[in-house]
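Engineer: Just need the structure, nothing else, for what follows:
(2 chains)
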Amino acid sequence: MKQPGRILLGLYCLLVAVWLVAPTIVVVPMSFNDKKSLAFPPSGFSWQWYQNFFTNPEWSASLVGSLKVAVVTALFATVIGTLAAFGLDRMKSRVSGVLRALLITPMVVPGVVLAVGIYAVYLDTRLVGTMTGFVLAHTMLAVPFVIIAVSASLEVFDKRLETAAASLGATRLTAFRTVTLPLIAPGILSGLLFAFVTSFDEIIVALFITSPYLKTLPVQIFSSITRDADPTVAAVGTLLFIVTSLVIGAGLLIGSRQGKR
Amino acid sequence: MASPSTRGAAIDLKSVSKHYGSFIALDKVSLRIEPGEFMTLLGPSGSGKTTTLNVIAGFTEVSSGSLDVGGKSVIGVPAHKRNIGVVFQHYALFPHMTVSRNVAYPLTLRGIANPDRAARVRKALDMVRMADFGHRFPSELSGGQQQRVALARAIVFDPPLLLMDEPLGALDKKLREWLQLEIKRIHRELGTTFVYVTHDQEEALVLSDRIAVFNQGRIEQIGTGRQLYDEPETLFVGKFVGDSTILRGAASTSGNETAIDVAGWKVAAAKRLADGAKPVMLLRPEKLSLARRGKGGQDRNTLPGRIGEAIYLGSGSKYEVVLADTSKAIVRSTLEAETFAIGDEVDLVFAGSDVKLLADDENADFTLT
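Structural biologist: Numbering: from 1, shown residues only, chains lettered A, B, ... in the order given. Have a look, this model is predicted:
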């Protein structure tokens, strides 16, 4: 009785998994195509599109641009998001509920709406196409992810440990540094990773505020694929897929390890 | 180590109140604890005993009143500057530190460096018999072991005062009884003032020099275990400390004698309360005896009843007797005494001189959680 049910459940799960991952996986064989086309299945094998990605200055410049923006964004978002999460955690619950909802809005509001708003403001303030502009916009988008990750670890953090630290002679700052911070560090780290990834593959806002002088990788991919069917896009896609999978995987691993303690 | 007599701090609470909005957690509590004393704050949940502890520790600010520790006022002094050891019910060990680092934590904060620090950590762990566990993490220890480490951490910096908030509440009975003896030994060896919060009256009797019984934000009585058991001043204390039988009914006084009518049966004691108070009688289980119906004798107080529950205790028996007014009496008898079975018709017999006459009090009921 039990066996057929289990097999059916397994098949169903497999189907869902394939459905979720297949579009991503399709990119992988396309990136090894020997012709300049995005045909699937590919007609032959070559590494040339990977080579193109690393040698063509247009591609490498956008990669460097993306990395710069993402690193700075991740740092800012982590500091701001962690402080916000900490503040929300220590507030009266009625006030913090409203504030939390407000701080999460960048995640909920449609990207295009945000992008239009940001673009309008940036035109006046001459932030279009600048590093500052990118970091500001992406930090705003990334902060909610940090708040959620850090809040989750604050939720399981036993505040009574801070009381214990105080009874042993620790000031509030010392207690935070020696007890709270080490115990919520996994949450902060996974927030940092999510913030990095959020910035690194953000496209909508980036399309609006980009300029020929500062392009991020997703923008470069988008303009490349709309201009011609360049399989370099597939190569980049494959690389991104691998890197983000590793980063997110690491984040989840850290998160789950924290839960076990 | 200094001599025990000089190591403990005196604590003096004078008319301490704590309000949370309209809720009164502490209502003008006054309590003096002598240096080196083992004082237990006993009461049901919500009685104010933990609030009192938190006030002394500095976790809660008082609404009014004065609080001196070691002869100095500590009102407004934050917890981290009070130099008071605290042991929590939930252990509160730092999970990311080993046992040794947990115990070293208060020393590090006080700028005490190795090798002095390591020596003191070892000494504290020795005292709680956890010396072999220094390299372990708290998650690798049992509840009893964790609490002993927490105790070591709370005494390693030689505080003149140690506060314990139901430290054995999460442990099973056998372990609890053993750790009670350990805590008594440590108190004797350190000479520190101990303030211990519990809702377990047996635990309070085992541990304490004196016990303060809390009810509804006030102290009902302060005294040794024997004083509370033998001479309860209020009905609440009589009911909370030890087993007791309460006899209620229409009361009449003549001269120096008070009689109570329990469903048509009069019992009397040669005592009387101040005028205006409604008297009830309180009797301890060992002051009551049982006889077959009609064989109770005439010279003593006698009430008819039926055995509702009979419990064999090894050292004797405990009976629950349902009286004529459906109230229950608790009787303890020795091994030599006659035994009874559930349903037996009996006479409850007691001497008027063993009766505690107390004022009735509708706030004397409590729930244990």
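Engineer: residues in contact with residue A:185?
Structural biologist: Contact partners of residue A:185, counting by CB atoms under 8 Å, 6 or more residues apart in numbering or on different chains, are absent. Backbone N, C-alpha and C define where each C-beta goes, glycine included.
Engineer: repeat for residue B:41
Structural biologist: Residue B:41 touches B:49, B:52, B:53, B:195, B:196, B:197, B:198, B:211, B:212, B:214, counting by CB under 8 Å, 6+ apart.
Engineer: same thing but at 6 Å, please
Structural biologist: Shown in contact with residue B:41 (CB atoms under 6 Å, 6 or more residues apart in numbering or on different chains): B:49, B:52, B:197, B:212.
Engineer: Cross those against helices and list the overlap.
Structural biologist: If you go by DSSP state H, the contacts of residue B:41 have B:49, B:52 in helices.
Engineer: Dump the contacts of residue B:41 to a markdown table, plus pLDDT and distance to chain A.
Structural biologist: Conversion of the contacts of residue B:41 to a markdown table gives the following (pLDDT from 0 to 100; distance: CB to the nearest CB, whole Å):
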| residue | pLDDT | distance to chain A |
| --- | --- | --- |
| B:49 | 93 | 17 |
| B:52 | 95 | 16 |
| B:197 | 95 | 14 |
| B:212 | 95 | 21 |
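Engineer: Reformat the contacts of residue B:41 as a markdown table; add neighbour count.
Structural biologist: Shown next, in a markdown table, are the contacts of residue B:41 (neighbours: other CB atoms under 10 Å in any protein chain shown):
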| residue | neighbour count |
| --- | --- |
| B:49 | 29 |
| B:52 | 29 |
| B:197 | 24 |
| B:212 | 24 |
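Engineer: Would you quantify the distance from residue A:67 to chain B?
Structural biologist: Separation of residue A:67 from chain B (CB to the nearest CB, to the nearest Å) stands at 32 Å.
Engineer: If you count neighbours, what's buried in the strand or helix carrying that residue?
Structural biologist: Residue A:67 belongs to helix A:57-89 when assigned by DSSP states H and E. The neighbour-count check on helix A:57-89 (16 or more other CB atoms under 10 Å in any protein chain shown) flags A:59, A:62-63, A:65-66, A:69-70, A:72-74, A:76-78, A:80-82, A:84-86, A:88-89 as buried.
Engineer: Could you do stretch A:173-193 as well?
Structural biologist: A:174-175, A:178-180, A:183-184, A:186-193.
Engineer: got it, and stretch B:17-26?
Structural biologist: In stretch B:17-26, counting by 16+ other CB under 10 Å, buried: B:17, B:18, B:24, B:25, B:26.
Engineer: List the contacts of that stretch.
Structural biologist: Contacts of stretch B:17-26 (CB under 6 Å, 6+ apart): B:16, B:27, B:28, B:48, B:51, B:62, B:63, B:64, B:65, B:217.
Engineer: Tell me which two in the residues you listed are the farthest apart.
Structural biologist: Farthest-apart pair in the contacts of stretch B:17-26 is B:48 and B:64; separation 14.5 Å (CB to CB).
Engineer: Who has more neighbours out of the two?
Structural biologist: residue B:48 (23 against 12; other CB atoms under 10 Å in any protein chain shown).
Engineer: What count of nearby residues applies to residue B:93?
Structural biologist: 24.
Engineer: what's near enough to touch the nearest residue to it once chain neighbours are set aside?
Structural biologist: With sequence-adjacent residues excluded and distances taken as CB to CB, 6 or more residues apart in numbering or on different chains, residue B:93 is closest to residue B:138, at 4.0 Å. For residue B:138, the contacting residues are B:93, B:95, B:146, by CB under 6 Å, 6+ apart.
Engineer: Also residue A:98?
Structural biologist: Here residue A:98 is in contact with no residue (CB under 6 Å, 6+ apart).
Engineer: Check which helix or strand it maps to.
Structural biologist: Using DSSP H and E, residue A:98 falls in helix A:93-108.
Engineer: Any stretches of the chain with poor pLDDT?
Structural biologist: Chain wasn't specified; assuming chain A. A:1-2, A:255, A:257-261 (pLDDT under 70).
Engineer: nope, chain B please
Structural biologist: In chain B, residues with pLDDT under 70: B:1-6, B:296-299, B:367-369.
Engineer: List the contacts of the lengthiest helix in it.
Structural biologist: The single longest helix within chain B, with elements called by DSSP H, is helix B:173-190. The contact list for helix B:173-190 (CB under 6 Å, 6+ apart) reads B:38, B:144, B:168, B:194, B:206, B:207.
Engineer: In JSON lines: those, plus distance to chain A.
Structural biologist: Supplementary listing: the contacts of helix B:173-190 in JSON lines, determined by distance: CB to the nearest CB, whole Å:
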{"residue": "B:38", "distance to chain A": "19"}
{"residue": "B:144", "distance to chain A": "18"}
{"residue": "B:168", "distance to chain A": "17"}
{"residue": "B:194", "distance to chain A": "15"}
{"residue": "B:206", "distance to chain A": "25"}
{"residue": "B:207", "distance to chain A": "21"}
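Engineer: Let me know the closest of those residues to residue B:44.
Structural biologist: Closest to residue B:44 out of the contacts of helix B:173-190 is residue B:168 (17.1 Å), distances taken as CB to CB.
Engineer: so what's residue B:272 up against?
Structural biologist: Contacts of residue B:272 by CB under 6 Å, 6+ apart are B:253, B:256, B:258.
Engineer: The last one: neighbouring residues, count only.
Structural biologist: Using other CB under 10 Å, residue B:258 has 21 other residues around it.
Engineer: can you pull out the helices in the chain?
Structural biologist: Since no chain was named, I'll use chain A. Secondary structure of chain A (DSSP H): helices located at A:2-30, A:48-55, A:57-89, A:93-108, A:111-125, A:131-156, A:160-167, A:172-175, A:181-200, A:204-209, A:217-227, A:232-260.
Engineer: I was after chain B.
Structural biologist: Under DSSP H, chain B gives helices at B:4-7, B:49-57, B:99-109, B:116-127, B:143-155, B:173-190, B:201-207, B:225-230, B:235-240.
Engineer: For chain A, which residues are neighbours of chain B?
Structural biologist: Residues of chain A found near chain B (CB under 6 Å from any CB of the partner chain) are A:160-161, A:163-164, A:166-171, A:179, A:182-183, A:261.
Engineer: What's the ChimeraX syntax to select whichever of those residues are buried?
Structural biologist: To isolate the buried ones among these in ChimeraX, judged by 16+ other CB under 10 Å, type:
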select /A:161,163,164,166,167,168,169,170,179,183
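Engineer: Name the residues of chain B found near chain A, please.
Structural biologist: B:59, B:79, B:80, B:86, B:92, B:94, B:95, B:96, B:105, B:106, B:109.
Engineer: Let's have those residues in TSV, adding neighbour count.
Structural biologist: Formatted as TSV, these follow (neighbours: other CB under 10 Å):
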residue	neighbour count
B:59	20
B:79	23
B:80	18
B:86	29
B:92	26
B:94	21
B:95	16
B:96	16
B:105	24
B:106	25
B:109	18
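Engineer: now for those, which pair is the farthest apart?
Structural biologist: B:59 and B:96 (22.6 Å).
Engineer: if we can go back for a sec, show me what counts as buried in the longest helix of chain B.
Structural biologist: So helix B:173-190, judged by 16+ other CB under 10 Å, has buried residues B:175, B:176, B:179, B:180, B:182, B:183, B:186, B:187, B:190.
Engineer: Stretch B:250-264: how far from the chain's middle?
Structural biologist: 33 Å (CA atoms, centre = their mean, to the nearest Å).
Engineer: list the buried ones in it?
Structural biologist: Going by 16+ other CB under 10 Å, stretch B:250-264 has these buried residues: B:251, B:258, B:259, B:260, B:262.
Engineer: From the rest of the structure, what touches it?
Structural biologist: For stretch B:250-264, contacts defined as CB under 6 Å, 6+ apart pick out B:247, B:249, B:266-272, B:279, B:281, B:303, B:324-325, B:357.
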